[in-house]
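K.L.:
Need coordinates for the following:
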Amino acid sequence: MIPELAGPNKVVGAKQAKRALRAGQAVRLYMAMDADPRLLQPLVQEAVNRQVPVSQVPSMKELGMSCGIAVGAAVAVLTKEG
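P.N.:
I've put the predicted structure just below:
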């Protein structure tokens, strides 16, 4: 479990993650190691370009549970407060 993803300052999913990265709201990108690399690669590249740290999570199931959702998640972004 990732404690910081239990709070309200997060977005889950590729579209929301891309939006948060482009808006400058992302603090850290979390990616599931078992997610589709074609989905992850552009998001990781965007995070690197914007100097947002990237953390790896072993599975989509674990990332989903950490975010408090009942399904797996490929990516999640910890966002700035407010």
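K.L.:
switch to C-alpha atoms for all contacts and neighbour counts from now on
P.N.:
Fine.
K.L.:
In this structure, which strand is the longest?
P.N.:
strand 26-32 (DSSP state E).
K.L.:
what is the mean pLDDT for the helix or strand just after that one?
P.N.:
Tracing the chain past strand 26-32, the next element assigned as helix or strand by DSSP states H and E is helix 37-49. Helix 37-49 carries an average pLDDT of 97.
K.L.:
circling back to that earlier point, run me through the strand neighbours of the longest strand of the chain, direction for each.
P.N.:
Applying DSSP bridges, strand 26-32 is found paired with strand 54-57 (parallel), strand 75-79 (antiparallel).
K.L.:
Pick the most buried one from those strands.
P.N.:
strand 75-79 (a mean of 25; mean count of other Cα atoms under 10 Å).
K.L.:
next one: it to chain centre, how far?
P.N.:
For strand 75-79, the distance from its own C-alpha centre to the chain's C-alpha centre is 3 Å (Cα atoms, centre = their mean, to the nearest Å).
K.L.:
got it, and stretch 34-42?
P.N.:
12 Å.
K.L.:
for stretch 72-82, same thing?
P.N.:
4 Å.
K.L.:
Put the alpha carbons of it into CSV.
P.N.:
Presented in CSV, the C-alpha positions along stretch 72-82 are these (Å, rounded to 0.1, in the frame of the first residue of the first chain):
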residue,chain,number,x,y,z
GLY,A,72,-6.7,-2.3,-10.9
ALA,A,73,-5.1,0.9,-12.0
ALA,A,74,-2.3,1.3,-14.6
VAL,A,75,-1.2,4.8,-13.4
ALA,A,76,-2.0,7.3,-10.7
VAL,A,77,-0.7,10.7,-10.0
LEU,A,78,-0.2,12.4,-6.6
THR,A,79,-1.3,16.0,-7.1
LYS,A,80,-0.5,19.2,-5.3
GLU,A,81,-2.8,20.1,-2.4
GLY,A,82,-5.5,22.6,-3.1
